[in-house]
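Undergrad: Sharing a sequence plus its predicted fold:
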Amino acid sequence: MLDWKSLHNTINSSAKILLSTHENPDGDGLGSATAVLHYLRDIGLDCRLIIISDLPKEYDFLNPDNIIETYNPGVHDEWISQADLAIIFDVGDFNRLREVGEKISANSVKAINFDHHPDLNDKRFSENYIQMTAAATGEMVYDFLKSVNVNLSLAMANGIYTAVMTDTGSFCYSNTNQKCHQIAIECLEAGVNTSQIYQTVYENRTPGQVELLAEIINNLNYSDNKELAWFSISQEMMKNANASKKDIDGFSDFVRTIQGVEVALMIFENTNGTCRVNFRSKGKYIINTIAKSLGGGGHKFAAGAIKKGSLNDVLSDVLSETSNYLIKQDSNFS
Ligand SMILES: [Mn+2]
């Protein structure tokens, strides 16, 4: 059990509190941060939620009064320099805060890591509230609020529900636990419109995204007894489909749904001479060990890394590395 009382004490002795989450934010980071923002404002604290990326359109519903701000040096630097506490949600890696993290460090703002990713022992965080058994950071936010008997407002419940729904693949992934469903019940009681949130987040694909997905499906590769399904996305494919980077979210999850496939692997060519490597496992294989060996990290069954090199070079390296890991884990089972 985490010492939530201590976090409440830290918060109550702070005058200006900055909340943030990782770049290219997802439902867990945004839902967690907005839920806590509403709580802190309800108890009268001065706080702002500032993120480095633009807010993805499908999460506009969490932002009715523009409570989520995209970092802008001219607008935010002075305020951040006066903040005495920063609470960072679901970040996984301090570097994923980009300039927001740099401002936090440059101003020596006390930074708290509030996350269900593994602890990276990053000295830039002064305190860590980490619970790797939590399905979502939003589950931890729920505990944090319940530790002082907060009745979930609709705004808080919308955030928490979005966080848990997105990180559990709508309560289907292997990380889904009893508590996720208990949280869902309480969110329903608070008035959350669950089907509307589902449709807003998942049934809003752009034509470009579907075009790109079609090309991926047509060029899907299998290896390792068809337990591994992999695909790569080049910048040329992105251009042809007129797709944006966030359009690729969920593709690995989709490929993992194929019968017999245990691990889905995506390799995405970035524009800066690196590739993003993304693993999803059904549960037979632990894949964050592979991600770690590539310099990345993540959860047991959902992990990734950024690797330098051309698409072809990274592809052949990662494929052989992945095969080795799968074979090794296979032999451990038998
Ligand atoms: Mn998460």
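TA: Sure, I can see it. This structure is a prediction, so every number in the text was calculated from the model and none was measured.
Undergrad: need the helices for the chain, in chain order.
TA: Counting by DSSP state H, the segments of the chain that form helices are 4-12, 27-42, 73-82, 99-106, 137-146, 154-167, 178-189, 194-202, 207-218, 235-240, 251-256, 288-293, 311-333.
Undergrad: So the closest residue to the ion within the chain versus residue 145, what's the distance?
TA: Closest residue of the chain to the ion, C-beta to the ion: residue 28 (3.5 Å). Heads up, the C-betas are built off the backbone N, CA and C, glycines and all. Taking C-beta to C-beta, to the nearest Å as the measure, residue 28 falls 16 Å from residue 145.
Undergrad: Among those two, which residue is more densely surrounded?
TA: The residue with more neighbours, out of residue 28 and residue 145, is residue 28; 30 against 21, by other C-beta atoms under 10 Å.
Undergrad: Assess the claim that that one and residue 114 are in contact.
TA: No. Counting by C-beta atoms under 8 Å, residue 28 sits too far from residue 114 to count as a contact (11.2 Å).
Undergrad: Need the residues touching each of these two.
TA: Taking C-beta atoms under 8 Å, 6 or more residues apart in numbering as the contact rule, residue 28 and residue 114 both touch 89, 90, 137.
Undergrad: close enough to count as contact, the second one and residue 21?
TA: Yes. With the criterion set as C-beta under 8 Å, residue 90 and residue 21 qualify as a contacting pair; they are 5.5 Å apart.
Undergrad: Quickly list what's touching both of the two.
TA: By C-beta under 8 Å, 6+ apart, residue 90 and residue 21 have these common neighbours: 29, 32.
Undergrad: Who has more neighbours out of the two?
TA: More crowded of residue 90 and residue 21, by other C-beta under 10 Å: residue 21, with 32 against 28.
Undergrad: nearest spatial neighbour of the more buried one, skipping sequence neighbours?
TA: residue 29 (3.1 Å; C-beta to C-beta, 6 or more residues apart in numbering).
Undergrad: residues from the stretch 151-300 of the chain in reach of the ion?
TA: Taking C-beta under 5 Å from the ion as the contact definition, the stretch 151-300 of the chain meets the ion at residue 167.
Undergrad: Poorly predicted segments of this protein, please.
TA: Applying pLDDT under 70 to the chain picks out residues 333-334.
Undergrad: Could you give the number of residues near the closest residue to residue 87 other than its chain neighbours?
TA: What sits nearest to residue 87 in space, not counting adjacent residues and going by C-beta to C-beta, 6+ apart, is residue 112, at 4.8 Å. The number of residues packed around residue 112, counting by other C-beta under 10 Å, is 20.
Undergrad: my guess is residue 112 contacts residue 84, does it?
TA: No. Between residue 112 and residue 84 there is no contact under C-beta under 8 Å: 11.6 Å.
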